[in-house]
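>>> Need a 3D model of the sequence below.
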Amino acid sequence: MKDDLVKRLARAMAGLDGKNAEFEASAANPQQDLRDQTFSRYMFRAEEVMRRSGLVHDLHELRLRSDAAVAA
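Numbering: from 1, shown residues only. Down below sits the predicted model:
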């Protein structure tokens, strides 16, 4: 799973919770994330949402089709 996509989803989830500033601060400072785990928690939740929704599988299938189209 691409970290950028997971991070974008995590950032959106933090925004829905009104925690944009906390997310960004925790993402930028690993020591702060060790203390408050804001970044880690949202990243974990985003990965879990992608797994449970089937998006991970769908993205993998799209990548395979795209690679095949490029190779043809």
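>>> Run a quick check on Val56 versus Ala46, I expect a contact.
No - with contact defined as Cβ atoms under 8 Å, Val56 does not count as touching Ala46 (11.2 Å). Where C-beta positions appear, they are placed from N, C-alpha and C, glycine not excepted.
>>> who's more crowded, those two?
Ala46 (21 against 16; other Cβ atoms under 10 Å).
>>> And the more buried one, how close does it get to Val6?
Counting by Cβ to Cβ, to the nearest Å, the separation of Ala46 from Val6 is 5 Å.
>>> now do His57
Taking Cβ to Cβ, one finds His57 at 15 Å from Val6.
>>> Please apply the same query to Arg63.
15 Å.
>>> Between the two, which is the more surrounded one?
Val6 (19 against 11).
>>> what packs against the helix or strand hosting the more buried one?
Secondary-structure assignment from DSSP states H and E places Val6 in helix 3-16. Judged by 3 or more Cβ pairs under 8 Å, 6 or more residues apart in numbering; DSSP states H and E, the packing partners of helix 3-16 are helix 20-28, helix 38-53.
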